[in-house]
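*Asks:* I'd like to go over a predicted model; first the sequence, then the structure.
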Amino acid sequence: MTSLIAIGAGIAALAGAGAGIGIGIATGKATEAVARQPEAEGKISKLLLLGCALAEATAIYGFVVAILVIMFLK
Amino acid sequence: MESLAENIMEELNCETVFTIPVLNGIGVSESVVITWVIMAILVILAIIFTRNLRVENIGRRQLVVETAVVGLKNIVGGIIGEEGTKYVPYLVTVIIYLGVANLIGLFGIKPPTKDLNVTAGLAIMSILLIEGASIQKKGVKKFLKSFAEPVAIIAPINILEVFIRPLSLCMRLFGNVLGAFVVMELIKIMVPPILPVPFSLYFDIFDGLIQAYVFVFLTSLFIKEAIE
């Protein structure tokens, strides 16, 4: 039973993969945008921060679910 | 390994410090007490810093305070726009509280935002403010009508959004702070003295401040959207 719970928590933590890909793409595009228009850096970094926070949220949900699985199925 | 798991579990739960003996006893948890301490610190700092304010010949202390206040006001005011100026003081208060609450982990105190109830309370306050701003701006009739915009068929999704927004605000803050806390505790247990320092810079300082900013950023973005 314990190992099954551990596997479940591990699967929930896979949500981090999506967030990683999303933040990677966003940062790559932001770098391109800054290279193209260096004067718009302030606006771009603000948008990047917001996008990263939103993309990161999915990973955080995965983490919260993993913690809840461990805590409540014990 | 067993003791490690126990250690972390111990850090995770929020203990009740004392109970108020009314109505079967109301439990006052640790996060509430730490919040009181933060409130006391902020209020005392506010009183100290706002004494002897002058229009001319300002002192260095007043200069620092004015820079900080105007800077924070500009950050929030820039997002929310001209129309939402009256909501700026609340949002600045929230950003200061969240910033201090997330940074307090540096001193070895459990950050109150690690308690789900604190972030849930903040998120509920945010959604009440958002919907209240919308009602005040549009009136009840137009507010109800705004759920059926742009087409009536997406009304269920619009209503669902009222519940999803605070949920995601609350979970984002809670998960980030909890995650940073757990990782920091693990690092502290695994490799004690010097190695935690650079990680602490990221997890305790940078991440905490970013999350405080993101919480207020999203709230003001929603308010701006609501009063448009």
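*Replies:* Happy to help now that I have it.
*Asks:* from now on I want contacts and neighbour counts done on CA atoms only, so please keep to that.
*Replies:* Will do.
*Asks:* where's B:V17, which helix or strand?
*Replies:* strand B:16-20 (DSSP states H and E).
*Asks:* residues contacting whatever helix or strand comes next after that strand, please?
*Replies:* Remark: after strand B:16-20, the chain's next helix or strand is strand B:26-29, criterion DSSP H and E. Residues outside strand B:26-29 that contact it (CA atoms under 8 Å, 6 or more residues apart in numbering or on different chains): B:C14, B:E15, B:T16, B:V17, B:F18, B:T19, B:I20.
*Asks:* what do you get if the cut-off is 6 Å, keeping everything else the same?
*Replies:* Residues outside strand B:26-29 that contact it (CA atoms under 6 Å, 6 or more residues apart in numbering or on different chains): B:E15, B:T16, B:V17, B:F18, B:T19, B:I20.
*Asks:* picking up where we left off before, helices or strands up against the strand holding B:V17?
*Replies:* strand B:26-29 (3 or more CA pairs under 6 Å, 6 or more residues apart in numbering or on different chains; DSSP states H and E).
*Asks:* buried ones in the strand it packs on?
*Replies:* Applying a neighbour-count criterion of 16 or more other CA atoms under 10 Å in any protein chain shown, one finds B:S29 buried in strand B:26-29.
*Asks:* and it, which strands flank it?
*Replies:* strand B:16-20 (antiparallel) (DSSP bridges).
*Asks:* what does the partner strand contact?
*Replies:* B:G25, B:I26, B:G27, B:V28, B:S29, B:E30.
*Asks:* rerun that using 8 Å as the cut-off
*Replies:* B:G25, B:I26, B:G27, B:V28, B:S29, B:E30, B:V33.
*Asks:* the third one bridge partners, please.
*Replies:* Meaning B:G27. With DSSP bridges as the rule, B:G27 is bridged to B:T19.
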